Structure formats: C-alpha cells, structure tokens
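*Asks:* sequence plus the predicted model coming up.
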Amino acid sequence: MKLATWNVNSLTVRLPQVLDWLAANPVELLVLQELKMTDEKFPHEAFRHAGYQSECFGQKTYNGVALLSRTQASQIIRNIPGFTDEMARVISADVNGIRVIGGYFPNGQEPGSDKFEYKMAWLKGLRDWLRNELISNPKLVIMGDYNITFDDADVWDPVGMRDQIHCTNEERYHLNAMIGLGLYDAFRLFDQAPKSYSWWDYRDFGFKRNRGMRIDHILISHALKPLVTRCWIDKTPRKNERPSDHTPVVVELTGL
DNA sequence: ATGCCTCAGCTCCTGAGA
C-alpha cells in the first residue's frame, strides 16, 4: 500500500489538483498540510466521492492539516498531547493497523526570531510525545512538511543556505533526535537521483532551474522498515497551472 | 535587492511562507 504527504498551500485553490492527483495515484492514505481553511469549509464530500474518508484539523488563513484514507481512520488526535499550541499543525490516526501522523512543522522564519524559538519548542514537544507513541505503536509513520533539511544533499545551494532557516544545526539536531527515537528517512533507504527536492520557490523560476530543498519527509519506524519497498517524490503536480510550491512524497509498504 | 511569487483577508496593501 502507498502512503503520501503533500503541502497544498491552500486547499481552496488546490482541491481540483488534489482530486486529479488522487485519481492518477490512488494511494491508501494522503496527509495534507497548509489547508488555510476552517473545518466547516473542508470538502469532505468531494473526497468521499473520490473514495476517501477524511479527517481535518483546520485553521483560518494559516496552517491546517488533514488525513484522507480509503479505510476508516480511528483514534484521531489533533495536535501534540502535552504541548499547548494555538496552531493546527498535527493530525494522527490508526489506519490499517498503522499509527499515522501528519504534520506541518513550523517554518521558523529566521534563526534567533520568536518564531524560531517556537519551532524549537514545538520540535521538543513533538519528540517528547513521539517517544511514547512509538512505544505504544511500534508500527508508525510520521510524515509531512518538516521545514528542515537533513544535510547538503537536500539543498540546491548548501553554501548560500548555510545556517539559514531550514538548514541550521539547531533544526537538524531536532530532526536527528527524531531519527534517534528509532525512525528512518524512507527516501534515503533507496538510491535517489541527485538534487531531489520537494519544494521550490515560486520566485525566479525556482522549479525550472531546480533550485529547491527537500523539506517534506516520511519517517518510518523500525518495525515498518523491512516493509518499505519504494519511496519517491512526485514532481508532476509542480508542473500544473497554479501549483503548490511543494509536491507530494510517496512511500510504498509491501506485506502488511 | 527589506525584491523576486503566491495566498488569505477587516483585500487595491500587508504578513507569512521557505
């Protein structure tokens, strides 16, 4: 079965593209980020017609996440238990015997800013919760827009971006600390083309020039690692008219 | 180059994103 994540940068604008993508890529489950809409506007019916049940956690203007699945999701949790947050950034559920977490990690804006401090606190809060989640749910996938690169291979201009947002040691410390809980970067379990990115700036023909970053990730637990047969970035939707600046990342699990 | 795109909103500019 295939699981995917996609930051859509406004579901209002991107709904037709999401439906097109699901028709062409009938994954078992898709988590969405940056809905930028409230729950009462969420298009449950459109997804139901496409064969997906949906759980949403919306917010006006900013943030907002959702989880679409072929089969019923249960044990829905919104945001991070134990971490008080005004923003709608996390949704998790049990689907097909797996614990799935979809997250829109804070951007952080600039090292040293209040938003950066919030990002650090958020990452710590996530990890403290995740540590226990992994104990009670060994079969776990956490995916979404992490807004962090692992290393230079994830950055089109690692020299220019050094110590810049998404590339700081502090952010990477937290990302690696998540890995330290017993998680694996599904994308790097396989040989991948150099300069593979999941986000490109709208400005200056970023996509055409492949000036991007890999900041959307799928981390899978130790128990699921042997089942991962493929992981890829689907650049196709980035070529659409009015694209999201992010594109989907997909993982395939075999033998569940 | 405190911009360049894109999106939402108390919309004809501003804040935020990454």
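*Replies:* Sure thing, it's come through.

*Asks:* from here on, just use CA atoms for contacts and neighbour counts.
*Replies:* Will do.

*Asks:* do a quick rundown of the helices in the stretch 1-150 of chain A.
*Replies:* A:11-24, A:44-49, A:114-136 (DSSP state H, counting those that start in this stretch).

*Asks:* ah, wrong one, I meant the stretch 151-256 of chain A
*Replies:* Going by DSSP H, counting those that start in this stretch, the stretch 151-256 of chain A shows helices at A:169-179.

*Asks:* so which residue of it comes closest to DNA strand B?
*Replies:* A:Arg203 (3.6 Å; C-alpha to the nearest atom of the strand).

*Asks:* who's in contact with that residue?
*Replies:* For A:Arg203, no contacting residues are found, by C-alpha atoms under 8 Å, 6 or more residues apart in numbering.

*Asks:* and it, how far is that from A:Lys195?
*Replies:* 18 Å (C-alpha to C-alpha, to the nearest Å).

*Asks:* what's the answer for A:Leu29, then?
*Replies:* For A:Leu29, the distance to A:Lys195 - C-alpha to C-alpha - is 27 Å.

*Asks:* repeat that for A:Glu45.
*Replies:* The value you get for A:Glu45 to A:Lys195, if C-alpha to C-alpha is used, is 38 Å.

*Asks:* more neighbours, these two?
*Replies:* Legend: neighbour count by other C-alpha atoms under 10 Å for A:Glu45 and A:Lys195, higher for A:Lys195 (16 against 12).

*Asks:* residues from chain A in reach of DNA strand B?
*Replies:* A:9-13, A:36-37, A:60-62, A:106-109, A:115, A:145, A:147, A:166, A:199-205, A:213, A:242-244 (C-alpha under 7 Å from any atom of the strand).

*Asks:* buried subset of these?
*Replies:* A:9-11, A:36-37, A:62, A:106-108, A:145, A:147, A:166, A:199-200, A:213, A:243-244 (16 or more other C-alpha atoms under 10 Å).

*Asks:* partners of A:Met143 in the sheet?
*Replies:* Under the criterion DSSP bridges, A:Met143 forms beta bridges with A:Gly102, A:Ile218.

*Asks:* list the contacts of it.
*Replies:* So A:Met143 contacts A:4-5, A:31, A:100-103, A:216-219 (C-alpha under 8 Å, 6+ apart).

*Asks:* do the same with A:Met120
*Replies:* A:170-171, A:174.

*Asks:* how much space separates it from A:Cys167?
*Replies:* Taken as C-alpha to C-alpha, the span from A:Met120 to A:Cys167 is 13 Å.

*Asks:* now swap in A:Ala46 and tell me
*Replies:* Counting by C-alpha to C-alpha, the gap from A:Ala46 to A:Cys167 is 37 Å.
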